[in-house]
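Colleague: After the sequence you'll find the predicted model.
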Amino acid sequence: MSLPETTPKFTIHGYGSDEILALNDLKLKCKDTIYKGVHILEEAEATGTQHLKTEDICVEIDKLPKYICKYISTVALVPFPCPYEEDGDPILADAKWLKMQVTIYAIPQDRIVLKDALAHHHTLAHEAGHIIDREIMQTKRQSSNYLSYTPRWVKAMCEDGRIKRTGLNMSTYLVSQYAEKRQSIGEDFADSVKYFSFQEGRVFLKDNFPNRYKILEEFLEPKTQ
Ligand SMILES: [Zn+2]
C-alpha cells in the first residue's frame, strides 16, 4: 500500500461536541484535513496521548473502496480513551452513525502497534459497516432502522448457516469469531462489510456467506462505481 504522495493541507479549528460527538464537554483545537472527502481531525497541539496521526488514517482510507469510504464523513483522533471497554480490552474505535463519524480513541501503545491494529482489523471498513447498517435504511425509508435487523439479513444468516465452511475453527452462525464473541447481529453486519471491503475478504465472504454477500453487493452497488 503506497503512502499518500503529498501531505494534504489542513485548517485549524476549535471543535466541541457539535463537531466531534465523542467530546462531551471537552473542546479541542484540531487540525482538519480533508482527504478523499473524509475530514481527518487530529489535535493541533498534540498532548501525546493519541499516538496515531493523520497520515496513518490516510493510509487506511487509501485501502477503502469508494462505495464504502463515502459513508465516512469524519475520522476523529481523540486524545482520551474510550469511556467503555469490552471484556477488559480497551476499544480502539467506534462509529457514530448520526454524523457518519468514526472516533479513534487513545490507547497507550506504540504508534506502529496501533497502525498494525488498524490495518489488521480493517477498522475503518468495520466502523463504516456500522454507519452503513443504519444509513442505508435512512435512504431506503424502510421500517427497520438497521439493515441487520431486517428479516432479509436474518434470513441470509440462516441460509448461510447451512453452507459448508472452507476453513476449520470457523464460527458457524455469525460471520466472525468477533461477532460470535459479542453475540451481536450489528457486529455480524459490520464484519460482513469489513470482509466485503478487500479482495481476499470478498472471496471469503462470497464462498462462505453468499447470501450476506448478495445483499451487500446489491446495497453497496460496487459494479456501478
Ligand atoms: Zn463493531
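Modeller: Good, I have the coordinates. Numbering: from 1, shown residues only.

Colleague: Show me what G14 is bridged to.
Modeller: K29 (DSSP bridges).

Colleague: Report how many residues lie close to the closest residue in space to Y105 that isn't next to it in sequence.
Modeller: The shortest distance from Y105 to any non-neighbouring residue, by C-beta to C-beta, 6 or more residues apart in numbering, is to C82 (4.1 Å). Every residue, glycine included, has its C-beta placed from N, CA and C. By other C-beta atoms under 10 Å, 18 other residues sit near C82.

Colleague: C82: what secondary structure?
Modeller: With DSSP: H, G, I helix; E, B strand; the rest coil as the basis, C82 sits in coil.

Colleague: residues near I163, how many?
Modeller: Neighbours of I163 (other C-beta under 10 Å): 13.

Colleague: Quick check: phi and psi at it.
Modeller: phi -90, psi 140 (degrees, to the nearest 10).

Colleague: residues contacting the residue nearest to Y105?
Modeller: P90, I91, L92, D94, T103, Y105 (C-beta atoms under 8 Å, 6 or more residues apart in numbering).

Colleague: Looking at those, which two lie furthest apart in space?
Modeller: Pairwise distances across these peak at 13.2 Å for P90 and T103 (criterion: C-beta to C-beta).

Colleague: Compare those two (neighbour count), which wins?
Modeller: Comparing P90 with T103 by other C-beta under 10 Å, the one with more neighbours is T103, at 22 against 14.

Colleague: so what's the more buried one up against?
Modeller: Contacts of T103 by C-beta under 8 Å, 6+ apart are I20, L21, A22, V75, A76, V78, C82, A93, D94, A95, K96.

Colleague: Please apply the same query to H126.
Modeller: The neighbourhood of H126, defined by C-beta under 8 Å, 6+ apart, consists of A93, A190, D191, V193, K194.

Colleague: Could you rerun that using 6 Å?
Modeller: A190, K194 (C-beta atoms under 6 Å, 6 or more residues apart in numbering).

Colleague: so when I look at it, I'm seeing a helix, right?
Modeller: Yes: H126: assigned to a helix according to three-state DSSP.

Colleague: where do the helices sit along the protein?
Modeller: In the chain, the helices defined using DSSP state H lie at 54-63, 66-69, 111-121, 123-140, 151-160, 177-182, 185-196, 199-208, 210-220.

Colleague: Please identify the deepest-packed of these.
Modeller: helix 185-196 (a mean of 25; mean count of other C-beta atoms under 10 Å).

Colleague: tell me the mean pLDDT for that helix?
Modeller: Confidence over helix 185-196, taken as the mean pLDDT, stands at 97.

Colleague: Restrict that helix to CA atoms and write it as PDB.
Modeller: Provided in PDB are the C-alpha atoms of helix 185-196 (Å, rounded to 0.1, in the frame of the first residue of the first chain):
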ATOM      1  CA  ILE A 185     -26.100  -9.100  14.700                       C
ATOM      2  CA  GLY A 186     -24.800  -5.500  14.400                       C
ATOM      3  CA  GLU A 187     -21.200  -6.800  14.600                       C
ATOM      4  CA  ASP A 188     -22.100  -9.600  12.200                       C
ATOM      5  CA  PHE A 189     -23.100  -6.900   9.700                       C
ATOM      6  CA  ALA A 190     -20.100  -4.600  10.300                       C
ATOM      7  CA  ASP A 191     -17.700  -7.600   9.900                       C
ATOM      8  CA  SER A 192     -19.500  -8.600   6.700                       C
ATOM      9  CA  VAL A 193     -18.900  -5.100   5.300                       C
ATOM     10  CA  LYS A 194     -15.300  -5.400   6.500                       C
ATOM     11  CA  TYR A 195     -14.800  -8.600   4.500                       C
ATOM     12  CA  PHE A 196     -16.600  -7.000   1.500                       C
END
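
Colleague: I appreciate the help and will end here.
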